[in-house]
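A.B. asks: Everything below, folded, please.
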Amino acid sequence: MMEHISIVKQGDAEVRTVGLIVEYNPFHNGHQYHLQESVKIAHADAVVAVMSGNFLQRGEPAVMDKWARTEAALRGGCDLVIELPAAYATQAAEWFAYGAVSLLEATGVVDAFCFGTESGELDALHDAAKLIAHEPPAFQALLREALEGGISYPSAYSLAIAAYLTAVGRHDAADFPFAQPNHTLGLHYLIALERIKGRMLPYTIRREKSEYGQTTVTDHAIASATAIRKLLLEGGDLEASRPLVPDTTYEVLQREWTSGRSPVSWANFVQPLLHTVITHTPEQLAGYREMTEGLEYRLLQMLPKLDNTGFETLLDALKTKRYTRTKLQRALLSVLLHHKKEDFTAEKLAAGVEYIRVLGFTGKGQQLLRRMKKEAKLPVLLSAARSPVKSRYLELDTQASAAYMLAQPGHASVAAMYRDFTDRPVILE
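C.D. replies: As a prediction, the model looks like this:
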């Protein structure tokens, strides 16, 4: 395959860029390893990260706001950070991946993208993506059959992939562990690349020393973001995170904790969530994204039976074999943010993002930004207040940011609600 290379001049040197799809909640040593290895494997000189905003893929708020996380990303080695809109950032793997890959492609300056996987193997994922990217009827039938067994969608999807690969004679790939979380995301990144006919080259590196979602710290320097958040949120121990994050991240964490802007968790949103639930009928709740299969009735029936109004108590009461924790968090987040199904149809999501929102950049990133303004396929926004496009997804972003800012412990203010309109991107000289 001939490699396509976008060039940005830095003095007399040619700068090649690699894209990363991230949440950085928070940016830790494992993320820094992934960034550094991505630069090596893609032979890149600059890094563009597409990062979720204040609410994340598993249906939860970030511990620090998107500007603080952008600063940590820039200080950790990224050159340009753009925002993945909430419409995609809070979705299951298919649309999360589609939004992120589409945005990287739309910049016009990203040559390759690199993601972490459990195996570090790309071929099986790439082959499967090419076969099922457009969901042939036989695959759709296998998926429906798996879902009829009452299992969660991710599990059904993985079973359908294995069955389809076997049916088309790809027995070598059918045994690949597609159900592992990073493999699932990686597969959908590659499916998205196929669907948009992207020119970026995909790479993957093996995840080291901690598994996705691992809740315990088992290494002196590397831990999952989940384990680090547990230290920060449950243990309330900022110092305990220090060996697990770069010094630059720790400085940002310490500042945000001291200022009262962080930490933020679902506990900060329980009251507004419950207010929305109890003032809605089942029919109204059913209009929100991810509220499916009678979940609205289960939610209203469970509330009077709760011992307390803690978020974990609510999740425990709602969980079933089909309703996973992540599925429930996404559904409750859609209620909190008033994300209606009508705004999230497959047709609207497939149409893609209508803008590129810049959250921050370095000196090298500023050069990329100058090229983007000429090469990008979408308008480049430095502020929501100066958008040349009227976009429903931008409206949803600014509303989500306002809701997040009002929940910041000890720092909520009317001014903070409008940071999307007043704040310029984070600039690291």
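
A.B. asks: Can you list the buried residues in stretch 132-152?
C.D. replies: For stretch 132-152, a neighbour-count test (16 or more other C-beta atoms under 10 Å) marks 132-133, 139, 142-143, 146-147, 151-152 as buried. All C-beta atoms are positioned from the backbone trio N, CA, C, and that covers glycine.

A.B. asks: could I get those as CSV with distance to G294?
C.D. replies: As requested, the buried residues of stretch 132-152 are exported to CSV (distance: C-beta to C-beta, whole Å):
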residue, distance to G294
I132, 29
A133, 32
F139, 27
L142, 25
L143, 21
A146, 20
L147, 15
I151, 17
S152, 16
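
A.B. asks: For R69, state which of those is nearest.
C.D. replies: For the buried residues of stretch 132-152, the minimum distance to R69 (C-beta to C-beta) is 28.8 Å, reached by S152.

A.B. asks: so that closest one touches R325, yeah?
C.D. replies: No. Contact between S152 and R325 fails when scored by C-beta atoms under 8 Å: they sit 10.4 Å apart.

A.B. asks: all strands in the stretch 1-150 of the chain, in order from the N-terminus.
C.D. replies: In the stretch 1-150 of the chain, the segments counted as strands under DSSP state E, counting those that start in this stretch are 8-10, 13-15, 17-22, 46-52, 80-84, 112-117.

A.B. asks: for the record, mean pLDDT for the longest one?
C.D. replies: In this case it means strand 46-52. Strand 46-52 carries an average pLDDT of 98.

A.B. asks: helices or strands next to that strand in the packing?
C.D. replies: When contacts are defined as 3 or more C-beta pairs under 8 Å, 6 or more residues apart in numbering; DSSP states H and E, strand 46-52 sits against strand 17-22, helix 29-41, helix 66-75, strand 80-84, helix 93-106, helix 363-375.

A.B. asks: which residues touch that strand?
C.D. replies: Residues outside strand 46-52 that contact it (C-beta atoms under 8 Å, 6 or more residues apart in numbering) are 8, 15-25, 35, 38-39, 62, 66, 69-70, 73, 77-84, 89-90, 100, 103-104, 107, 109-110, 359, 364-365, 368.

A.B. asks: How about the third one?
C.D. replies: Among residues not part of strand 17-22, those counted as contacts by C-beta under 8 Å, 6+ apart are 6, 8, 31, 34-35, 38-39, 42, 44-52, 73, 78-79, 84, 97, 100-101, 104, 107, 109-115, 189, 200, 203, 368.

A.B. asks: so what strands line up beside it?
C.D. replies: Sheet pairing here is set by DSSP bridges, and for strand 17-22 it gives strand 46-52 (parallel), strand 112-117 (parallel).

A.B. asks: and the direction of the last one versus that of helix 93-106, what angle?
C.D. replies: Read it as strand 112-117. With axes from the mean of the first three to the mean of the last three C-alpha atoms, to 10 degrees applied, the angle from strand 112-117 to helix 93-106 works out at 150 degrees.

A.B. asks: and strand 112-117 with helix 29-41, angle?
C.D. replies: Between strand 112-117 and helix 29-41, the angle comes out at 140 degrees (the same axes, to 10 degrees).

A.B. asks: I'd like the mean pLDDT over strand 112-117, please.
C.D. replies: Per-residue pLDDT over strand 112-117 has a mean of 96.

A.B. asks: got the contact list for the nearest residue to Y157 once chain neighbours are set aside?
C.D. replies: Nearest residue to Y157, sequence neighbours excluded (C-beta to C-beta, 6 or more residues apart in numbering): L143, at 6.4 Å. By C-beta under 8 Å, 6+ apart, the contact list for L143 reads 135, 156-157, 160.
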